[in-house]
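Novice: What shape does this take:
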Amino acid sequence: MALLQFMSAGMDTAAVPTTVHCDHLIEAQVGGVKDLARAIDINKEVYDFLATASAKYGLGFWKPGSELCFPGGLMIGTDSHTPNAGGLGTIACGVGGADAVDVMAGIPWELKCPKVIGVNLTGKISGWTTPKDVILKVAGILTVKGGTGAIVEYKGAGVESLSARGAEYDQHIEIVRSFFVPPSHQRTFTPDLATPISKFAEEVKKNGWPEEIKVGLIGSCTNSSYEDMSRSASIVKQAADHGIDLKSKFTVTPGSEQVRATIERDGQIGTFEAAGGVVLANACGPCIGQWDRKDVKMGEPNSIITSYNRNFTGRNDANPATHAFVASPDIVTAMAFAGHPHRSPHSVKIKGKCTTDHISAGGPWLKYRGHLENISRKNCLIGAINSENGEANKIRNHSLTAAYYREKGIKWVVIGDHNYGEGSSVNMPPLSPPDDKVDILGLESFAPGKNLTLAVKHKDGSKVEIPLAHTFNEGQIEWFKLVLLLTLYMAAKAKAQQ
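Specialist: As a prediction, this is how the structure comes out:
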């Protein structure tokens, strides 16, 4: 979609260095080599278009299987994992495709100056504790939305193994323990509820969640550094030396071709495969839902554990009954040999979280990105929790709501709570309506710093008005008005042709 939009700009090349990456359409199935060959065959038309368009407009092209892991200075990317580059001294922001096209076309991209959150680490890492456990602890403190509009930097005596830099801070977090924090799992369905291993058994017994860990998954762009792979391979080797076999399926996703080639050269891949692990293609794979999973049926409750960075409902395998824990690669590897979680998911209220995972699920639906008809008719909001019944993918008119309202000419709107639209696909259409009728008041005097008003008329006849803050500047407001005029013009033209 972004390239199609850029092509309509009439430019010979992008105004800034731009690269295209083919990492989302490689489905994990049997192993890296065969999965990559299958993806290239199935998605040949898409890959050919991306390659030829990149060549025509002078864009960098990373072919399928290259993955996405590289540093920079100031960058934007159309993927929610773009901020990973922050670990390499980069200010990196995830945006929608339309925002990226603006930059490619030479239009200034604006953002509010981020705050800086300082995390003071007192003590040192030892034992099984890894930097990932520190991140789990920080996520538990900040919550999923706590890092929005902010840069997180680490300071204190414990940063020696984290490669963090000092800075002036708008917020401080103190983590004072001799081992930082105990190795943790994140609770399932939301990545901000960390729980120490010491409490896992208690949680399992208390809540009766699925105890058997079906699959352990490490790697992807988030945790597949050479250090991560080496530590996990060391655990696998120690287990093999003691005659311990894997109790769960175990997959490894290299974060780049460089990582894959290096761990193949140094023997880590051989160690994983000798133990029964499956090395997948250098791609997003199960992390984004590109996983042709066969070991459980859809709707069957089960538990998996990953070293990925998100675990919202259905994120990895499109199964809303899968309980996905997040932990360090070390813990994931060890748990694959144990086959039993020392804790189980804790029931959490996630109605308010509505990220792009909830709005427009990945996995098999990725093939529809760019096909708005399919997205709006079948995919939109199937992962969101309905506030009426507390369940996912259960709304009035089921999944054909958008098509039904469009055909009937009924106007409608989505009401989003916190974290609405945060994630990989911030420009995917949110097409699933509420029962209440709403109006936005104050658009005739729309101006920077001036609140608008949401007027809600509930189905029982009661009314309420809610003040709405916004961050639009003058230029964005003018763009908004132009889009409204264009919409009205197209509607009038279509009506005249009837």
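Novice: Pull stretch 75-82 out as CSV, backbone CA atoms only.
Specialist: C-alpha atoms of stretch 75-82 as CSV (Å, rounded to 0.1, in the frame of the first residue of the first chain):
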residue,chain,number,x,y,z
MET,A,75,14.3,6.5,11.4
ILE,A,76,10.7,5.6,11.0
GLY,A,77,9.3,2.2,9.9
THR,A,78,5.9,0.7,9.1
ASP,A,79,6.2,-1.9,11.8
SER,A,80,5.7,-1.8,15.5
HIS,A,81,9.1,-3.5,16.1
THR,A,82,10.8,-0.4,14.6
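Novice: Could you give the average pLDDT over the longest helix seen in the chain?
Specialist: Counting by DSSP state H, the longest helix found in the chain is helix 474-497. The predicted model assigns helix 474-497 a mean pLDDT of 81.
Novice: Poorly predicted segments of this protein, please.
Specialist: Within the chain, the stretches with pLDDT under 70 are 67-72, 87, 161-194, 201, 204, 341-436.
Novice: Tell me which stretches of it form helices.
Specialist: Taking DSSP H to define them, one finds helices in the chain at 2-7, 32-42, 44-56, 97-104, 131-142, 200-207, 226-241, 257-265, 268-274, 329-338, 356-359, 372-374, 401-408, 474-497.
Novice: for these, which one sits closest to Val16?
Specialist: Val16 sits nearest to helix 97-104 of all these, at 5.8 Å, using CB to CB. Any C-beta I mention is one placed from the backbone N, CA and C, and that applies to glycine too.
Novice: buried stuff in the closest one?
Specialist: By neighbour count with 16 or more other CB atoms under 10 Å, helix 97-104 contains the buried residues Gly97, Asp99, Ala100, Val101, Asp102, Val103, Met104.
Novice: Tell me the helices and strands packed up against it.
Specialist: Using 3 or more CB pairs under 8 Å, 6 or more residues apart in numbering; DSSP states H and E, the elements in contact with helix 97-104 are helix 2-7, strand 74-77.
Novice: same thing but 6 Å
Specialist: Contacts defined by 3 or more CB pairs under 6 Å, 6 or more residues apart in numbering; DSSP states H and E place helix 97-104 against helix 2-7.
Novice: From the chain's centroid, how far away is the helix it packs on?
Specialist: With CA atoms, centre = their mean, to the nearest Å as the basis, helix 2-7 stands 23 Å off its chain's centre.
Novice: and for it, what are the contacting residues?
Specialist: Defining contact as CB atoms under 6 Å, 6 or more residues apart in numbering, one finds that helix 2-7 is touched by Ala53, Gly97, Ala100, Val101, Met104.
Novice: Could I have the CA atoms of it written out in CSV?
Specialist: Coordinates of each C-alpha in helix 2-7 appear next as CSV, following Å, rounded to 0.1, in the frame of the first residue of the first chain:
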residue,chain,number,x,y,z
ALA,A,2,2.8,2.4,0.9
LEU,A,3,4.6,1.9,-2.5
LEU,A,4,1.3,2.3,-4.4
GLN,A,5,0.8,5.6,-2.6
PHE,A,6,4.3,6.7,-3.3
MET,A,7,4.0,5.9,-7.0
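Novice: How about that helix, which residues are buried there?
Specialist: Within helix 2-7, the residues that count as buried by 16+ other CB under 10 Å are Ala2, Leu3, Gln5, Phe6.
Novice: How about Thr19: what's its closest non-neighbour residue?
Specialist: Counting by CB to CB, 6 or more residues apart in numbering, Thr19 lies nearest to Gly60, which is 3.6 Å off, once chain neighbours are set aside.
Novice: How about Val16?
Specialist: Leaving aside its chain neighbours, Val16 sits nearest to Val103 (5.8 Å; criterion: CB to CB, 6+ apart).
Novice: Do I have it right that the one you found meets Gly97?
Specialist: No. In this structure Val103 lies outside contact range of Gly97 using CB atoms under 6 Å: 10.9 Å.
Novice: picking up where we left off before, out of the contacts of helix 2-7, flag the one nearest to Asp133.
Specialist: Set against Asp133, the nearest of the contacts of helix 2-7 by CB to CB is Ala100 (33.4 Å).
Novice: show me the contacts for that closest one.
Specialist: Ala2, Thr78.
Novice: picking up where we left off before, could I get the buried residues of helix 97-104 as TSV with distance to Ser220?
Specialist: Output for the buried residues of helix 97-104, formatted as TSV (distance: CB to CB, whole Å):
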residue	distance to Ser220
Gly97	22
Asp99	24
Ala100	22
Val101	26
Asp102	28
Val103	26
Met104	26
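Novice: Just give the number of residues close to Gly299.
Specialist: The local packing of Gly299 (other CB atoms under 10 Å) involves 9 other residues.
Novice: In space, what's closest to it - neighbours in sequence excluded?
Specialist: Once flanking residues are discounted, Gly299 sits nearest to Ala321: 5.3 Å by CB to CB, 6+ apart.
Novice: how near is the one you found to Thr313?
Specialist: Ala321 sits 9 Å away from Thr313, going by CB to CB, to the nearest Å.
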